[in-house]
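Student: Quick check, what structure comes out for this input:
(2 chains)
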Amino acid sequence: MEIARHWRLQRHRYALVGEVCNHCGVKIFPARDVCPECNAPAKTPYTFSGKGEVYSYSTVHHPPEGFEHFAPYVVALVRLVEGPLVAAQLTDVEGEKIEIGMPVEMVTRKLRDDGSKGTIVYGYKFRPVIGGRTSLGAGEG
Amino acid sequence: MRDVSIIGIGQTPVGEHWERSLKELAGDAIQAAIKDAQIERVDVLYVGNMCSGTLNGQEHLGALISDWVGLRGVEAVKIEAACGSGAAALRLGYVAVAGELADFVVVAGVEKMTDRPGEQVTAALAMASDGDFEAQNGLSFVALNALLMRRYMHEYGVPHRDFAPFAINAHKNAIGNPCALFPHAVTAEDFCAAKMIADPVNLLDSSPVCDGAAAVVLCPTEIARQFNARPVRIRASSAATDTIALHDRRDLLGLEGASLSASKAYGQAKVTPKDIDLFELHDAFTIMSVLSLEACGFAERGRGVRLGTQGDIAIGGQIPITTMGGLKARGHPVGATGIYQVIEVALQLREQAGANQVRNARLGMAQNIGGSGATVVTTILEAVE
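Tutor: Reported below is the predicted structural model:
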């Protein structure tokens, strides 16, 4: 069930909210209390654009409990245009069509459900950008 | 600080032990190790284990197992660091003896995985990763290794079949190990045709789910010979960490925790990789073997696979690995693995490895990894002349 846990993670999952370090300026996702680059406290929320590209990927044929009826599904590390890597599922695409460097964008999808009386957990997944490429660096500067 | 040696070893066969419980397996290994060491007193028992809470409905293993094995009253506690639990427990045993807080320490590792269906085991193992941002997004532990392997193949232009020698070598060596789960050969054709788990990781890239327990007895080196004619001295013991999540790594393929842990161990032992006669590495997946060899200084970045394709990893090669089957073919009962590795190095240094004996083995290294490189414990062992 873990309702409080999912509630705590809502902003991260629904809006891709991480942090920006006020000291060194690095963008951080997922949020953490201490900047991984300069060790300064990191508390300022930052909303990511949701744009990025595939850094690595895999099709999961043997899922963990709770994900059985999604299998096979594709997971990936996505390099966001703002810098961080994110671990997420890819959606709206077949495993054979994916390649490293493919531009993707965040969408909100069902992550899992815990049966007819349990909670339904929603969160971010990434899908191929519709109608053309975006390139890394477009969101910077 | 005192010098520390291993004076007793004990291991159960790795397998699907339907008829034996977690505490019975641990008890078998501990009794064998105490018998091998011929000690009459135990000061501390450390138990390495990862999944007893989720898979066996049992925590509090220190009290459970000390009571079961006839050590009622001793200090006893469970140590957990995912798949690195066994060596993490060994590390604390080493600290206790080296720091003169205890003279006789038993360190056991135990895991009982086959009581539960596969999806539950997969979910339990995924707890080694970042729960909120990896496991909750559906990334299995195999999938994390698949992400590493795909990126490695992409960056260095390595085809999947080049990883085959790591599985073939492990299976070949398991034939000479009476405790191995898979004592049979596999071929390159078998490797290429194996069932996909999370592509590009297939069944023969992966270590198996299984049960097992292993234990060692530690004491100060200065009294070790009173108990065992062939004690094995711990020349170095080191532990290091990296980010728990892959997405937080500065260098995804660098395995910085392994690099840091190994360099600390080399420093303590005052040796270099060239001095190591055999290396029991953490081959939970073929990609982890390759990344470990690179991180520990046995190969340059992107060239670890060549140690496989050139035959350097075989017994008799430049740097023999998984000499008794490794995680792949001896088996990977996760919390016990770190102790199995150290026992196998000890058998080599005691010249008791039978058909798998590495000739003139004086210095052996074991490296046990928790998660996808987040906890790394390195142990360098030496035959006492």
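
Student: And the residue of chain A closest to chain B?
Tutor: Taking C-beta to the nearest C-beta, chain B has its nearest neighbour within chain A at A:Ser58, 3.5 Å off. Heads up, the C-betas are built off the backbone N, CA and C, glycines and all.

Student: Find out how far the helix or strand harbouring that residue is from the centre of the chain, if you would.
Tutor: Using DSSP states H and E, A:Ser58 maps to strand A:51-60. Strand A:51-60 sits 10 Å away from the centroid of its parent chain (C-alpha atoms, centre = their mean, to the nearest Å).

Student: Just the terminal-to-terminal distance for stretch B:312-332.
Tutor: This stretch, stretch B:312-332, spans 23 Å end to end (C-alpha to C-alpha, to the nearest Å).

Student: nope, stretch B:351-358 is what I meant
Tutor: Note: stretch B:351-358 ends 8 Å apart using C-alpha to C-alpha.

Student: what's it in contact with?
Tutor: Here stretch B:351-358 makes contact (C-beta atoms under 8 Å, 6 or more residues apart in numbering or on different chains) with B:173, B:175-177, B:230, B:277-278, B:315-316, B:320, B:323-324, B:344, B:347-348, B:361.

Student: re the thing from before, elements contacting the next helix or strand along the chain from the strand holding A:Ser58?
Tutor: For strand A:51-60, the following helix or strand on the C-terminal side (DSSP H and E) is strand A:73-80. On a contact count with 3 or more C-beta pairs under 8 Å, 6 or more residues apart in numbering or on different chains; DSSP states H and E, strand A:73-80 meets strand A:51-60, strand A:85-90, helix B:141-156.

Student: Tell me the neighbouring strands of strand A:73-80, and mark each as parallel or antiparallel.
Tutor: strand A:51-60 (antiparallel), strand A:85-90 (antiparallel) (DSSP bridges).

Student: quick one, the first one and helix B:141-156 angle?
Tutor: So that's strand A:51-60. Note on geometry: by axes from the mean of the first three to the mean of the last three C-alpha atoms, to 10 degrees, strand A:51-60 and helix B:141-156 are set 120 degrees apart in direction.

Student: what is the mean pLDDT for strand A:51-60?
Tutor: Mean pLDDT, strand A:51-60: 98.

Student: now chain A, which segments are flagged as low pLDDT?
Tutor: Low-confidence segments of chain A (pLDDT under 70): A:1, A:131-141.

Student: now the strands for it?
Tutor: All strands of chain A, identified by DSSP state E, fall at A:17-20, A:27-28, A:44-47, A:51-60, A:73-80, A:85-90, A:103-113, A:120-128.

Student: tell me which residues in the last one are buried?
Tutor: Buried residues in strand A:120-128, counting neighbours by 16 or more other C-beta atoms under 10 Å in any protein chain shown, are found at A:Val121, A:Tyr122, A:Gly123, A:Tyr124, A:Lys125, A:Phe126, A:Pro128.

Student: Check which helices and strands it sits against.
Tutor: Secondary elements touching strand A:120-128 (3+ C-beta pairs under 8 Å, 6+ apart): helix A:10-15, strand A:85-90, strand A:103-113.

Student: what's the answer for the first one, then?
Tutor: The elements that strand A:17-20 packs onto, with contact taken as 3+ C-beta pairs under 8 Å, 6+ apart, are strand A:27-28, strand A:44-47.

Student: how about the CA coordinates for it, as CSV?
Tutor: Taking Å, rounded to 0.1, in the frame of the first residue of the first chain, the C-alpha atoms of strand A:17-20 are listed here in CSV:
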residue,chain,number,x,y,z
VAL,A,17,10.4,18.6,-9.9
GLY,A,18,14.0,18.3,-8.7
GLU,A,19,16.3,21.0,-7.3
VAL,A,20,18.8,23.6,-8.3
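
Student: which residue does the stretch 1-150 of chain B bring closest to chain A?
Tutor: Closest residue of the stretch 1-150 of chain B to chain A, C-beta to the nearest C-beta: B:Ala146 (3.5 Å).

Student: ok, that residue - contacts?
Tutor: A:Ser58, B:Ile197, B:Ala198, B:Asp199, B:Pro200, B:Val201.

Student: Run through who's touching the lowest-mean-pLDDT helix or strand in chain B.
Tutor: Every helix and strand of chain B was ranked by mean pLDDT, DSSP states H and E. The lowest is helix B:118-125, at a mean of 94. The contact list for helix B:118-125 (C-beta under 8 Å, 6+ apart) reads A:62-66, A:68, B:50-51, B:54-55, B:113, B:116, B:135, B:140-142, B:209, B:334.

Student: got the buried residues for it?
Tutor: Neighbour count says helix B:118-125 has B:Glu119, B:Gln120, B:Val121, B:Thr122, B:Ala123, B:Ala124, B:Leu125 buried, by 16+ other C-beta under 10 Å.

Student: for chain A, what are the nearby residues on the stretch 51-200 of chain B?
Tutor: B:118-120, B:122-123, B:126, B:130, B:132-140, B:142-143, B:146-148, B:150-151, B:154, B:196-200 (C-beta under 8 Å from any C-beta of the partner chain).

Student: Return the members of these classed as buried.
Tutor: Counted by 16+ other C-beta under 10 Å, these give B:119-120, B:122-123, B:126, B:130, B:132-140, B:142-143, B:146-148, B:150-151, B:196-200 as buried.

Student: where along chain B do the strands fall?
Tutor: Using DSSP E, strands in chain B cover B:4-11, B:44-48, B:75-79, B:105-111, B:196-198, B:201-202, B:212-220, B:232-241, B:278-280, B:363-370, B:375-383.

Student: what's in contact with stretch B:30-46?
Tutor: Contacts of stretch B:30-46 (C-beta under 8 Å, 6+ apart): B:7-11, B:62, B:65-66, B:69, B:71, B:74-79, B:89-90, B:92-93, B:96, B:102-108, B:213, B:215-217, B:219, B:227-228.

Student: What is the end-to-end distance of that stretch?
Tutor: 11 Å.

Student: ok so, going back, whichever of the contacts of helix B:118-125 end up buried, select them in PyMOL.
Tutor: Here is the PyMOL command that selects the buried residues among the contacts of helix B:118-125 (16+ other C-beta under 10 Å):
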select buried, (chain A and resi 62+63+64+65+66) or (chain B and resi 50+51+55+113+116+135+140+141+142+209+334)
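
Student: residues near residue 71, how many?
Tutor: You didn't say which chain, so I picked chain A. For A:Ala71, the number of neighbouring residues by other C-beta atoms under 10 Å in any protein chain shown comes to 15.

Student: my bad, chain B
Tutor: B:Leu71 - counted by other C-beta under 10 Å - has 20 other residues nearby.

Student: Can you give me every residue that contacts it?
Tutor: B:Ile30, B:Val42, B:Leu45, B:Val106.

Student: Flag every residue of the stretch 251-385 of chain B that's near chain A.
Tutor: B:Leu252.

Student: In the stretch 251-385 of chain B, what residue lies closest to chain A?
Tutor: Scanning the stretch 251-385 of chain B for proximity to chain A using C-beta to the nearest C-beta identifies B:Leu252 as nearest, at 7.6 Å.
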